[in-house]
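Asker: Any chance you could fold what I've pasted below:
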Amino acid sequence: MKVVIVGGVAGGATAAARLRRLDEQAEIVVFERSGYVSYANCGLPYYIGGVIEDPGDLTLQTPESFFSRFRVDMRVRHEVTALHPDRKTVSVKNLETGEIFEEEYDKLLLSPGAKPTQPRLPGTNLKKLFTLRTVEDTFRIKDYIQKNHPRSAVLAGGGFISLELAENLRELGIEVTIVQRPMQLMNPFDPDMAAFIHGEVRQHGIRLALGRTVEGFAERGGGVDVLLKDAAPLHADMVALAIGVTPDTALAKDAGLELGLKGSIVVNDRMETSVPDIYAVGDAVQVKHYVTRQDAVISLAGPANKQGRIAADNICGGDSRYLGSHGSSVIKVFDLTAASTGINETNAKKAGLDADAVILSPMSHAGYYPGGRLMTMKVVFEKETYRLLGAQIVGYEGVDKRIDVLAAAIHARLTATELKDLDLAYAPPYSSAKDPVNMAGFMVENIARGIVKQFHAKDVNGLPRDGSVTLLDTRTPQEYAGGHIEGFRNIPVDELRERLDEIESGKPVYVICQSGLRSYIACRILSGYGYETYNFAGGFRFYDAVANDRRLIESATACGMNQ
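Answerer: Residues are numbered from 1 along each chain as shown. All right, here's what the predicted structure looks like:
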């Protein structure tokens, strides 16, 4: 059997190695148009910033090492220019010599990946405008910085690559502005959770131009003007386009393979395309989202590697299936860690799901053990069924651990209430006896059993201030004096029983504290005396972060300024 693989990074390289492990006699040829195979795509921004010092560390395998270990014929700087399913060949161009030839196959695996989205805007061909996708892209940016010492940069886009590049440029002392058409960074997060990411990047001197549409680029004064719709241009010494990626599927389209979302290659759960003996994996394919079961394009390294393994199994006569993508991800944003899995509340509602969420601010480990830090968790579930839909966490230590537990819970199809039953490891330096994931389960169970009702940040402005409801802040007087929501009166939770006569009976009571715990206790006290109560999800700390972020965005938008 002869297998030809188009693309040697992530899915392609994984498939090649798996094929050899399953079939020692197969002939395996990989064509990769760049000069590198199996490189650490996600590490590229950290080489630019100097965190990764040796460029060799970016390359996980070389053609020589791959051949030595697996006897796979890895041909870099070879571009596949056409597929010929009718005669089972591919046309290939040697980019070093210009030679063009055809290569036969019995099975063909496409792993072309995705390319940086290039908008049709004037000026995208400027020499000081960069994209970051390949090792070569990385070297171009690094070389430009070392030779020209830019003092400022504008990054168009607010996703993973943009934030990682922004951090690394900032660590080099470069002034950075991020321009993003949506009103938030990091779309996997809900706007309220993204507020914490915004706060971290602002704290490190990065300016945000949210809700701004880029209309083009122009050279001026030795730098680049980023032209914005309805706003003054942004000027910088260099610009990076990081507005997303597009499946690189021209070959598949020309060969008549069925295409789906964003021009992606349609595959079944065996990673088979619409054409017999042709498989496809990675950023170029359309998959099912594990939670919604809707078609999706999810460009992440983990899914690509799994798909490469599955395709190899099936090429060798097995029957492996891809169950779908959660979109689980984690990112370092300066000192902060932000992670998500499943779908957020915004996308759940767009998908037609009746979703709710609990928000909590637990410590990373036992409070009495030194060094614990707060994290903010948002766990999204479906009302009535309490199906676990997704989660987002922003914090420091322990964020990655909790998001992985929640991702596993989604995969196992646990309900949000069943999170309380998970038996998780505990020692004071690492967690609490009631782990944050368990705490989320307890909170959802309280909602399911009718023990507590919630209200959210989006509800606050609509609460009546005419005396028809009671608005209660149960923090200490000192906390209240440091900032509170207009209309909320202060009665500390520990004084509540003695001051019940100050709360008019027969009226709903909306209760808030710093994190949601004291207000929950207050709700239980009041419920015991016949009051109808609602607990604020997330507490004043959460509300203040979200409200402050919204004020900054709205103020900057109104004034045509950057935050």
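Asker: Pull the contacting residues for Asp283.
Answerer: Ala10, Gly113, Ala114, Val245, Pro247, Asp248, Val297, Ser299, Ala304 (C-beta atoms under 8 Å, 6 or more residues apart in numbering). Backbone N, C-alpha and C define where each C-beta goes, glycine included.
Asker: ok, which pair from those residues is furthest apart?
Answerer: Ala10 and Val297 (14.9 Å; C-beta to C-beta).
Asker: Compare these two (neighbour count), which wins?
Answerer: Ala10 (27 against 21; other C-beta atoms under 10 Å).
Asker: which ones are touching the more buried one?
Answerer: Applying C-beta under 8 Å, 6+ apart, the residues near Ala10 are Ser38, Asn41, Ser111, Gly113, Gly282, Asp283, Ala301, Ala304, Asn305, Gly308.
Asker: could you redo the last one with a cut-off of 6 Å?
Answerer: By C-beta atoms under 6 Å, 6 or more residues apart in numbering, the contact set of Ala10 is Gly282, Ala301, Ala304, Asn305.
Asker: can you give me the strands for the stretch 101-250 of the chain?
Answerer: 107-110, 114-116, 129-131, 152-156, 175-180, 207-210, 214-220, 223-228, 231-236, 238-241, 245-247 (DSSP state E, counting those that start in this stretch).
Asker: Would you tell me which of those strands gets closest to Val80?
Answerer: So among these, strand 107-110 is nearest, using C-beta to C-beta, at 8.9 Å.
Asker: Which elements pack onto that closest one?
Answerer: In terms of contacts (3 or more C-beta pairs under 6 Å, 6 or more residues apart in numbering; DSSP states H and E), strand 107-110 is packed against strand 2-6, strand 278-280.
Asker: Dump the ones you listed into a markdown table; add mean pLDDT, mean neighbour count and distance to Thr89 as well.
Answerer: Converted to a markdown table, these look like this (pLDDT from 0 to 100; neighbours: other C-beta atoms under 10 Å; distance: least, C-beta to C-beta, whole Å):
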| stretch | mean pLDDT | mean neighbour count | distance to Thr89 |
| --- | --- | --- | --- |
| strand 2-6 | 98 | 25 | 9 |
| strand 278-280 | 98 | 27 | 12 |
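Asker: okay, those strands in CSV with distance to Gln454 next?
Answerer: Below are the helices and strands packed on strand 107-110 laid out as CSV (distance: least, C-beta to C-beta, whole Å):
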stretch, distance to Gln454
strand 2-6, 51
strand 278-280, 44
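Asker: so where do the helices sit in the stretch 351-500 of the chain?
Answerer: For the stretch 351-500 of the chain, the helices defined by DSSP state H, counting those that start in this stretch occupy 399-411, 436-448, 457-460, 477-481.
Asker: about what we covered before: most surrounded residue in the contacts of Ala10?
Answerer: Gly282 leads these on contacts (other C-beta under 10 Å) with 31 neighbours.
Asker: ok, now which ones touch that residue?
Answerer: The contact partners of Gly282, taken as C-beta under 6 Å, 6+ apart, are Ala10, Gly11, Ser111, Gly113, Ala304.
Asker: could these be laid out in JSON lines, adding pLDDT?
Answerer: Listed next are these as JSON lines, based on pLDDT from 0 to 100:
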{"residue": "Ala10", "pLDDT": "83"}
{"residue": "Gly11", "pLDDT": "92"}
{"residue": "Ser111", "pLDDT": "96"}
{"residue": "Gly113", "pLDDT": "90"}
{"residue": "Ala304", "pLDDT": "93"}
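Asker: Dump those to CSV, plus distance to Glu445.
Answerer: Below are the contacts of Gly282 laid out as CSV (distance: C-beta to C-beta, whole Å):
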residue, distance to Glu445
Ala10, 40
Gly11, 40
Ser111, 44
Gly113, 43
Ala304, 37
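Asker: thinking again about what came up before, closest one to His198 among the helices of the stretch 351-500 of the chain?
Answerer: Closest among the helices of the stretch 351-500 of the chain, once you apply C-beta to C-beta, is helix 457-460, at 14.9 Å.
Asker: Taking the chain centroid, which residue in the chain is the extreme one?
Answerer: Asp501 (48.8 Å; C-alpha atoms, centre = their mean).
Asker: Give me the three-state assignment for that one.
Answerer: helix (DSSP: H, G, I helix; E, B strand; the rest coil).
Asker: how about the helices in the stretch 201-350 of the chain?
Answerer: Assigned by DSSP H, counting those that start in this stretch, the stretch 201-350 of the chain shows helices spanning 250-254, 301-315, 345-350.
Asker: All the helices of the stretch 1-150 of the chain, residue numbers only.
Answerer: So, for the stretch 1-150 of the chain - with DSSP H, counting those that start in this stretch - the helices run 11-22, 44-48, 63-70, 135-148.
Asker: buried set for the third one?
Answerer: Buried residues in helix 63-70, counted by 16 or more other C-beta atoms under 10 Å: Pro63, Phe66, Phe70.
Asker: Tell me how far the last one lies from Gly221.
Answerer: It stands for Phe70. 52 Å (C-beta to C-beta, to the nearest Å).
Asker: and if you look at Ser431?
Answerer: When Ser431 is compared with Gly221 (using C-beta to C-beta), they lie 54 Å apart.
Asker: Tell me which of these two has more neighbours.
Answerer: Between Ser431 and Gly221, counting by other C-beta under 10 Å, Ser431 is the more crowded of the two (24 against 8).
Asker: burial of the closest residue to that one other than its chain neighbours, as a residue count?
Answerer: Spatial nearest neighbour of Ser431, chain neighbours left out: His365 (5.5 Å); criterion: C-beta to C-beta, 6 or more residues apart in numbering. Applying other C-beta under 10 Å, we find 22 other residues in the vicinity of His365.
Asker: Which pLDDT value belongs to His365?
Answerer: For His365, the model assigns a pLDDT of 91.
Asker: okay but it is in contact with Tyr430, surely?
Answerer: Yes: taking C-beta atoms under 6 Å as the definition, His365 is a contact partner of Tyr430 at 5.4 Å.
Asker: Give me the spatial nearest neighbour of Leu95, chain neighbours excluded.
Answerer: Closest to Leu95 by C-beta to C-beta, 6+ apart is Arg77, at 4.4 Å.
Asker: Please read off the pLDDT at that neighbour from the model.
Answerer: So, for Arg77, pLDDT stands at 94.
Asker: what's it in contact with, if anything?
Answerer: Contacts of Arg77 (C-beta under 6 Å, 6+ apart): Gly35, Leu95, Glu96.
Asker: Pull up the gap between the nearest residue to the last one once chain neighbours are set aside and Pro116, please.
Answerer: Spatial nearest neighbour of Glu96, excluding adjacent residues (C-beta to C-beta, 6+ apart): Arg77 at 5.1 Å. Using C-beta to C-beta, one gets 20 Å for the distance from Arg77 to Pro116.
Asker: now swap in Gly367 and tell me
Answerer: Taken as C-beta to C-beta, the span from Gly367 to Pro116 is 45 Å.
Asker: Of those two, which one has the most company?
Answerer: More crowded of Gly367 and Pro116, by other C-beta under 10 Å: Pro116, with 20 against 11.
Asker: looking at the sheet around the closest residue to that one other than its chain neighbours, what are its partners?
Answerer: Leaving out its chain neighbours, the residue that sits closest to Pro116 by C-beta to C-beta, 6+ apart is Thr131, at 3.9 Å. Note on Thr131: beta-bridge partners by DSSP bridges are Leu241.
Asker: right, so of the helices of the stretch 351-500 of the chain, which gets closest to Asn535?
Answerer: helix 436-448 (9.1 Å).
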